[in-house]
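A.B. asks: From the sequence below, what's the structure:
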Amino acid sequence: MIWGDSDRIVDPDYGRAYAAAIPGAEFRLLPATGHVPQIETPDQLLGAIADFAAPRAAAGRSGPGGS
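C.D. replies: Take a look at the predicted model:
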């Protein structure tokens, strides 16, 4: 779950609760970001997605059939 620390529509505690309820989920709070991170802080959003995806992609490449 990626959440803005300045989200005035949905409190970050909701994001924490969602992440806790989903196996394997993580919670990431973006500073200086509100409810629309893809518009407000797109570089932070893409960085958070990359940070989450990179180790999983690397694990997939080294698994069965990977190189």
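
A.B. asks: Distance check, the closest residue to A25 other than its chain neighbours against F52.
C.D. replies: Leaving aside its chain neighbours, A25 sits nearest to A19 (4.3 Å; criterion: Cβ to Cβ, 6 or more residues apart in numbering). Placement of C-beta: from N, CA and C, glycine included. To F52, A19 is 11 Å away according to Cβ to Cβ, to the nearest Å.

A.B. asks: so what sits against both of those two?
C.D. replies: Taking Cβ atoms under 8 Å, 6 or more residues apart in numbering as the criterion, A19 and F52 both touch E26.

A.B. asks: ok so, going back, how about the residue nearest to A25, what does it touch?
C.D. replies: Contacts of A19 (Cβ under 8 Å, 6+ apart): 1, 25-27.

A.B. asks: quick one: which of those residues is nearest G34?
C.D. replies: Comparing the contacts of A19 against G34 with Cβ to Cβ picks out M1 as the nearest, at 15.3 Å.
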